[in-house]
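coords please:
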Amino acid sequence: MVNLPAQISRLLILRRFDALKTLDFTFSDHLLDLVLKNLKGHPISALHFFNLASKQNYFRPYFKSYVKLIHILSNARMFDETRLCLRGLVDLSESSDLPVSLICDELVTVYREFKFSGTVFDMVLKAYVEKGLCKNALYMFDNMPKWGRLPSLRSCNGLLSCLVRGKDFHTAICVYDQMMRIGVAPDVYTCAIVVDAYCKDGRVAEAMEFVEGLDKMGINLNVVGYNNLINGFVEKGDMEGVDKVLGLMSQRRIVKNIITCTMLIKGYSRTGKMDRACEVFKGMKENMMVLDEKVYGVLIDGYCRDGNMDDAVRIKNEMLRSGLGTNLFVFNSMINGYCKNGQLFEAEKVIMTMVEGNLKPDNYSYTTLLDGYCKRGLIDDALKLCRNMAGNGVYPANISYNILLKGLCDYGDVEDALSLWQLMLKRGFIPDEIGFSTIVHGLFRKGDFDKALMMWKQALAKGPTKSTILFNTMLNGLCKMGKMIVAEQILEKMKERGCSIDEVTNRILIDGYCRAGDVERAFEIKEIMDMEGVPASIEMYNSLISGLFRADKSKEISKLLSEFHAKGLSPNIITYGALMSGWFKEGNLKKAFDAYFEMRGKGIAPNVHICTIIISGLNKLGRTDGANMLLQKMVELDVVPNLKQFYDFFNFDKIPTEAQKIATTIDESVKGNIIPSSILYNVVIAGLCKCGKTNDARKVISGLSQRGFVPDEFTYSALIHSAATSGDVNEAFLLRDEMTEKGISPNIVTYNALIDGLCKSGNLDRALRLFHKLQSKGLVPNLITYNTLINECFKSGSKTFCSRAMWMNTRNFWMKCARQALKRTLRDTANHLKVIIKQSQAYGRFMCVKTATF
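Presented below is the predicted three-dimensional model:
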């Protein structure tokens, strides 16, 4: 019987390739393997037969044949042909989804059978690296020592680069450690890659230690390695670290190159040190460095980030004069800079220039302008831009839609945001955690709890089920609405789903409980945070300060502030605002003013919130001269130009000392911080009403309305309170009707003013009828409501309402009511409560009120 494999092999060895056509045979894996074994010492013949087999329509060589041929070619030092064959093997393993272990086992089997050189293992490792198959390359790297082979340094460097490109930084560092253990000595290229891996993994300090330790290994790191280290510090915004690296480079006589200088400009620009960035740029010119688009680009970007568009344009023009062209990065930086400055028309011109110059704007270009429109409430322009994007072949991504959603929600167009949401879903977009969170936040701001809850449930069913951002948004909305029971339920859901509870979560809960008056629970959460080692934040302490004031525990403020300072925290403007607001409510002017002057002593300039707190606090305490003097100072500085025509309304008889001191600290340097708001205008109106200048207040409202001010519930409450206090009850009710016609719902403060006005005008029966209607209006009476009616009932000798009221509320409510009465020096109310409680059948039940408050 004829031995076909042997016959084919003889013809191939004799190079009688044409004679193969006379043989009648069909290619198979078995035949190919046998022939290749016979031809292991004849690489050209083996390659010819393998190629012939590969050209057959009905047959493709199996991986075992590839492995045999790779060994044969490698042993013959036909490395170009070996690499070509290796690419074919890698492609076959990818397309057939062959496990790398199967290929490696065959490599070892053939290696032992043929007893050839082990060079092939390193070549396979390189082939996997070149193809970007890091996992396969790692398998080879891990197992080569077991087969008695070491990977070459070049292959190891390739593997390290492959891992860094794939952002597997931790594994890259582990591979380096393994290289050292198995005896593969690194070179400068290895070390540069390792430095890059450390830095990109966020471990810049370890990268610095690694570089400092290279002297002991006798390795002098090259400029590429130092550039990688500088880039690590730049990305962290640590320019002090950059200066240390520059010092190290100087000691080791490493000369900075254009990449070094580019990164220095980038680092100084991003940290707001444009003077230093310009020095580097100037030094590059003096050293006759050839400046490229990247150098100019980072400097232009720095000026744009700084809002200095004149210098950005100057450098761009210099770039053009030097023969370089602008690129997408430069144009996008310009768009960003103009949008930050509110120069949207200039940003639009940049987009038009790009289109005219055949440089297509990308998603970032359009998204930046889109964000600029939305931040200024130009939603129609934003929507039009979206349509133009699609027309220019750039389709909005999730980030574009998220910006639109935020813009709509921020300006109160939540229904339009929901319509856009439905459009996104129809177009096949899968909303991310930012999109869901934006809609949920917008619904909470609108006060639509039911829809917010429905959207959150949709997110859990379809979207990011373990998103801390989404859970925190939900908790924040619930806490702001005072729904702490539901918030706790959401927190349990969060834990059940394995979602991490972070510092923000705890801060939200603490703020929620402080707002709800349950400061004890807020401190419990703080203690848990302390035990778990969660770092304290300024925001958390700000909430606790406000919470203590709300809970009438101002005596504990000093202890909290001591703890605050002991933890190395510095108070910010919110801290001082909380302290001032609290002390004003307590009636402690000295401590409120002390907080203000301490703030100024630390170089913190007052903003509109601080000014509002002071003016409001002074007005509420009857210090209208001081409040008016501060308002006049603000008008003189042109901080509130809309009030200029009403300057004479804020007159005062005498100059209060403390107010005068505060006025002297409000100068030209703080103008930029004090941006007028509706809150400030409402405080001004309330101040005028407090002084009995209701007509002047109405003139101010009329004047401001022409400039875009929209009266709200606080505006009307001030007017109604003023009318009711002056005895003009009919005017007060007309104002109430006017506000309801405008779609503004009167709150309990408004009705308290109406009830007080009716009582003072002798209309107790009408006041009681209005009280009984509160529930149907969805309002809950508060301490002021009861105090007003109880006092009037007692004066008129009518105890019926008082007895009923006793049963309508809990013991804790009346204890709190009594404490508040005493605290506000309402002795009459406190005594009336005492008499009523004694006369009531519930005397025993409320006995503790006597003990606790009297």
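
May I see the buried residues of the lengthiest helix in the chain?
For the chain, the helix with the greatest residue count under DSSP state H is helix 79-95. With burial defined by 16 or more other Cβ atoms under 10 Å, the residues of helix 79-95 counted as buried are 81-83, 85-86, 88-90, 92-93. C-beta: built from backbone N, CA, C; applies to glycine.

got it, and stretch 218-234?
Within stretch 218-234, the residues that qualify as buried by neighbour count (16+ other Cβ under 10 Å) are 219, 221, 223-234.

cool, stretch 516-529 as well?
Within stretch 516-529, the residues that count as buried by 16+ other Cβ under 10 Å are 516, 518-519, 521-523, 525-526, 529.

Residues in contact with that stretch: which ones?
For stretch 516-529, the surrounding residues in contact (Cβ atoms under 8 Å, 6 or more residues apart in numbering) are 479, 482, 484, 503, 506, 509-511, 513-514, 536, 540, 543-544, 547-548, 550-551, 553.

filter those to the buried ones?
The neighbour-count test (16+ other Cβ under 10 Å) applied to these identifies 479, 484, 506, 509-511, 513-514, 536, 540, 543-544, 547-548, 550 as buried.

Among the residues you listed, find the lowest-pLDDT one for me.
The pLDDT minimum for the buried ones among the contacts of stretch 516-529 sits at residue 536, where the score is 81.

Not counting sequence-adjacent ones, nearest residue to it?
The shortest distance from residue 536 to any residue other than its chain neighbours is 5.1 Å, reached at residue 567 (Cβ to Cβ, 6 or more residues apart in numbering).

Looking at that neighbour now. What's its pLDDT?
Model confidence at residue 567, expressed as pLDDT, equals 85.

Kindly report the same for residue 748.
As predicted, residue 748 sits at a pLDDT of 81.

can you count the residues close to it?
For residue 748, the number of neighbouring residues by other Cβ atoms under 10 Å comes to 17.

can you give me the strands in this protein?
Listed from the start of the chain, the chain has no strands (DSSP state E) to report.

Okay, now the unreliable bits of it?
Within the chain, the stretches falling below the threshold (pLDDT under 70) are 1-2, 463-465, 624-684, 688, 690-691, 704, 706-709, 797-854.

separation between residue 577 and residue 698?
30 Å (Cβ to Cβ, to the nearest Å).

no no, residue 558
In terms of Cβ to Cβ, residue 558 sits 44 Å off from residue 698.

ok, now residue 85?
Separation of residue 85 from residue 698 (Cβ to Cβ) stands at 92 Å.

swap in residue 328?
Following Cβ to Cβ, the distance that separates residue 328 from residue 698 is 56 Å.

can you check residue 105 too?
With the distance defined as Cβ to Cβ, residue 105 ends up 92 Å from residue 698.

who's more crowded, the two?
With neighbours defined as other Cβ under 10 Å, residue 105 and residue 698 compare such that residue 698 has more, 16 against 13.

count of neighbours near the closest residue to the more buried one other than its chain neighbours?
Of all residues beyond its chain neighbours, the one nearest residue 698 is residue 719 (7.3 Å), with distances taken as Cβ to Cβ, 6+ apart. Each residue near residue 719 was counted by other Cβ under 10 Å, and the total is 26.

Pull the contacting residues for residue 719.
Residues in contact with residue 719, defined by Cβ under 8 Å, 6+ apart, are 685, 689, 694, 697-698, 701, 735.

Out of the residues you listed, which is nearest to residue 350?
residue 701 (41.9 Å; Cβ to Cβ).

Can you give me the neighbour number for residue 185?
Counted with other Cβ under 10 Å, residues neighbouring residue 185 total 12.

Give the closest residue to it in space, chain neighbours not counted.
Counting by Cβ to Cβ, 6+ apart, residue 185 lies nearest to residue 153, which is 7.0 Å off, once chain neighbours are set aside.

Got the domain ranges for the protein?
Following automatic domain parsing, one gets these domains for the chain: 1-151, 782-854.

Output these in JSON lines; the columns should cover distance to residue 214.
Compiled in JSON lines, those are given as follows (distance: least, Cβ to Cβ, whole Å):
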{"stretch": "domain 1-151", "distance to residue 214": "22"}
{"stretch": "domain 782-854", "distance to residue 214": "70"}
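
Of all the ones you listed, which one comes closest to residue 191?
Smallest distance to residue 191 across those (Cβ to Cβ): 17.1 Å, for domain 1-151.

so how far is the closest one from its chain's centroid?
A distance of 54 Å separates the centroid of the chain from that of domain 1-151, by Cα atoms, centre = their mean, to the nearest Å.

Nearest to residue 605, out of the contacts of residue 719: which one, please.
When those are compared for distance to residue 605, the smallest value, 25.3 Å, is given by residue 685; criterion: Cβ to Cβ.

Tell me how many other residues crowd the residue lying closest to the closest one once chain neighbours are set aside.
With Cβ to Cβ, 6+ apart as the measure, residue 697 is the residue that lies nearest to residue 685, at 4.8 Å, once sequence neighbours are left out. Counted with other Cβ under 10 Å, the burial measure for residue 697 works out to 24 neighbours.
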